[in-house]
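A.B. asks: Here is the input, now give the coordinates:
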Amino acid sequence: MHYGNINQNDRTLFQQAYSGWAAFPTERQEIADFIKVNGIRNLCLLSGDAHMLGAGDGGNGDFAKDGGAPVPSLQAAPLDRPASFKGGPYSHGYYLPERGEGCFGLVEVHDNGREINASFTGAIIEMRKK
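C.D. replies: Numbering: from 1, shown residues only. Predicted coordinates for the structure are as follows:
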């Protein structure tokens, strides 16, 4: 597996280039401020819109005014599509499938009645030609 990290020297430029929210900065901040003001915790963004795997701890996903509302993100992928990069930067790395590979994400949620825990696993498969 090949993992990469993005050199994020200019967070604003990066967000404009790779974030679908770039056209909606006010709305994104309003949602983040709502999360912060209402003390919403244990929130995670799960998306399958990119053809890649990625995981971030929320440090690059805090859009509340003056911070304070980080949202971790998990990016999963379809099995049989060519690679594409979206979102990020991903603090725990990302993987773009190579030609002939597919990848997908698996989220497992465990609820014991007192607490809820979730884990995310990325898997890579070799595509077979028919």
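A.B. asks: By residue count, tell me the biggest helix in this structure.
C.D. replies: helix 25-37 (DSSP state H).
A.B. asks: who's in contact with the spatially closest residue to Leu53 that is not a sequence neighbour?
C.D. replies: Distance criterion C-beta to C-beta, 6 or more residues apart in numbering; nearest residue to Leu53, sequence neighbours excluded, is Gly122 at 3.7 Å. Bear in mind the C-beta positions are built from the backbone N, C-alpha and C, glycine included. By C-beta atoms under 8 Å, 6 or more residues apart in numbering, Gly122 lies in contact with 53, 55, 76, 95, 103-106.
A.B. asks: switch the cut-off to 7 Å
C.D. replies: Neighbouring residues of Gly122 by C-beta atoms under 7 Å, 6 or more residues apart in numbering: 53, 95, 103, 105.
A.B. asks: Could you list the low-pLDDT ranges of the chain?
C.D. replies: 1-21, 129-130 (pLDDT under 70).
A.B. asks: switch the cut-off to 80
C.D. replies: Within the chain, the segments meeting pLDDT under 80 span 1-23, 48-50, 77-82, 86-89, 127-130.
A.B. asks: And the helices in it?
C.D. replies: Going by DSSP H, the chain shows helices at 11-18, 25-37.
A.B. asks: thinking again about what came up before, so in terms of bridging, what pairs with the residue nearest to Leu53?
C.D. replies: Listed beta-bridge partners, Gly122: Gly105 (assigned using DSSP bridges).
A.B. asks: Kindly provide the distance from it to Pro97.
C.D. replies: 10 Å (C-beta to C-beta, to the nearest Å).
A.B. asks: Give me the common contacts of the two.
C.D. replies: Cys103.
A.B. asks: one step back: tell me what the longest helix of the chain is packed against?
C.D. replies: On a contact count with 3 or more C-beta pairs under 7 Å, 6 or more residues apart in numbering; DSSP states H and E, helix 25-37 meets no helix or strand.
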